[in-house]
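A.B. asks: need a structure here:
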Amino acid sequence: MAIILDHTIVPAADKVASAKFFAELFGLAYDGLFGPFAPVRINDSLTMDFDDRWKEFGIHHYAFHVSEADFDAIFGRVKVRGLTYGSGPMAQGDMRVGEFNGGRTVYFHELNGHLLEIRTKTSAEDIAAMRQSVGHTAR
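C.D. replies: Okay, here's the model as predicted:
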């Protein structure tokens with residue numbers, strides 16, 4: 001069975017500003033409102049639907065597996081904007097890039113405080129490498 005995430009709602013204080021900010025950082029297009037949402041198409045099957053009808057919302061974490069070239073481009077735009085970034089979820093402001101298993105990871109915040117992550121290896125690849133390095137197998 002193939003399960004594919006179709007869309008996710010991203011709570012925002014200003015959906016249009018948030019969608020434009022996100023699209024610009026990721027090198028994507030923002031094509032305008034669709035109903036109550038400001039969607040940004042990530043790929044053939046996924047949209048991030050920014051929604052400002054929320055009175056209050058918590059901080060969410062969104063992680064994206066990207067190519068080396070896309071990582072460089074996105075990270076370059078993060079640096080040009082002067083955004084604080086970090087090497088891990090608990091090191092969000094150390095201004096370093098995380099390196100593990102031959103891949104790179106960086107974390108940064110978008111306009112609403114949501115934590116964005118770009119990575120060149122998938123989480124599944126990193127988990128497998130961690131388990132292999134300590135001889136741990138799934139139970």
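A.B. asks: Give the residue spans of this protein that score low on pLDDT.
C.D. replies: Residues of the chain that meet the criterion pLDDT under 70 lie in 136-139.
A.B. asks: quick one: the helices in it?
C.D. replies: For the chain, applying DSSP state H gives helices covering 15-26, 68-80, 123-133.
A.B. asks: Quick one: the ones you listed as a markdown table, columns for mean neighbour count and distance to residue 102 too.
C.D. replies: (Glycine included, C-beta is placed from N, CA and C.) Formatted as a markdown table, these follow (neighbours: other Cβ atoms under 10 Å; distance: least, Cβ to Cβ, whole Å):
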| stretch | mean neighbour count | distance to residue 102 |
| --- | --- | --- |
| helix 15-26 | 20 | 23 |
| helix 68-80 | 14 | 10 |
| helix 123-133 | 13 | 9 |
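A.B. asks: Kindly reformat those as CSV containing distance to residue 110.
C.D. replies: Below are these laid out as CSV (distance: least, Cβ to Cβ, whole Å):
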stretch, distance to residue 110
helix 15-26, 6
helix 68-80, 10
helix 123-133, 20
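A.B. asks: nearest to residue 49, of those?
C.D. replies: Among those, helix 15-26 comes nearest to residue 49, with 8.6 Å by Cβ to Cβ.
A.B. asks: can you give me how far that closest one is from the chain middle?
C.D. replies: 12 Å (Cα atoms, centre = their mean, to the nearest Å).
A.B. asks: now swap in stretch 19-32 and tell me
C.D. replies: Distance, centroid of stretch 19-32 to centroid of chain: 13 Å (Cα atoms, centre = their mean).
A.B. asks: Ok, stretch 12-32 next?
C.D. replies: On Cα atoms, centre = their mean, the centre of stretch 12-32 falls 13 Å from that of its chain.
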